[in-house]
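[1] okay, structure incoming, though there's no sequence with it:
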């Protein structure tokens, strides 16, 4: 079994509902839900590294370069990146052009973990398995499917990722 590092970048999976503004955002403590999700699944082995908590629609090239740097600095070769769904495909393709020798799997959620009926835990579990079993390269895991970086795109009309 490969050791896995989870690099947290934000996205819907880590958002919380703010009852004062009636909007979704990140917790004021800048905490991530990923350790809680792992604990629920009794998944104790991944190392979690939070490099940012940001909506991927606000990402720029410097944010993607920060992900590249974190991946390259990781001693693990199996990497999961939690990421917003809005630009997940763009970031996957960015990584695929810049990082070699690792298996990198991007995942996230359409509904925050902090709300009922989130898809985040399902997607994260799939991504952890995929990172350990897929060959080197960059992939996305969403909605029970594995996508190569070139084919990772959100279908906004259907609210899911399609091939």
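    Structure received. This one's a predicted model, so the numbers in the text were calculated from it and none came from an experiment. Numbers count the residues shown, from 1 in each chain.
[2] was I right about residue 67 contacting residue 9?
    Yes. Using C-beta atoms under 8 Å, residue 67 is in contact with residue 9, at 6.3 Å. Using the backbone N, CA and C atoms, a C-beta is placed for each residue, glycine as well.
[3] name the residues contacting each of these two.
    51, 81 (C-beta atoms under 8 Å, 6 or more residues apart in numbering).
[4] am I right that residue 35 sits in a helix?
    Yes. Checked against DSSP: H, G, I helix; E, B strand; the rest coil, residue 35 lies within a helix.
[5] and it, how far is that from residue 156?
    As judged by C-beta to C-beta, to the nearest Å, residue 35 and residue 156 stand 30 Å apart.
[6] sec struct for the residue located most distally from the centre of the chain, please.
    Ranked by distance from the centre of the chain (C-alpha atoms, centre = their mean), the top residue is residue 20, with 27.5 Å. Three-state assignment for residue 20 (three-state DSSP): coil.
[7] who are the neighbours in contact with it?
    With C-beta under 8 Å, 6+ apart, residue 20 has no contacts at all.
[8] which one of residue 67 and residue 9 is surrounded by more residues?
    residue 9 (28 against 24; other C-beta atoms under 10 Å).
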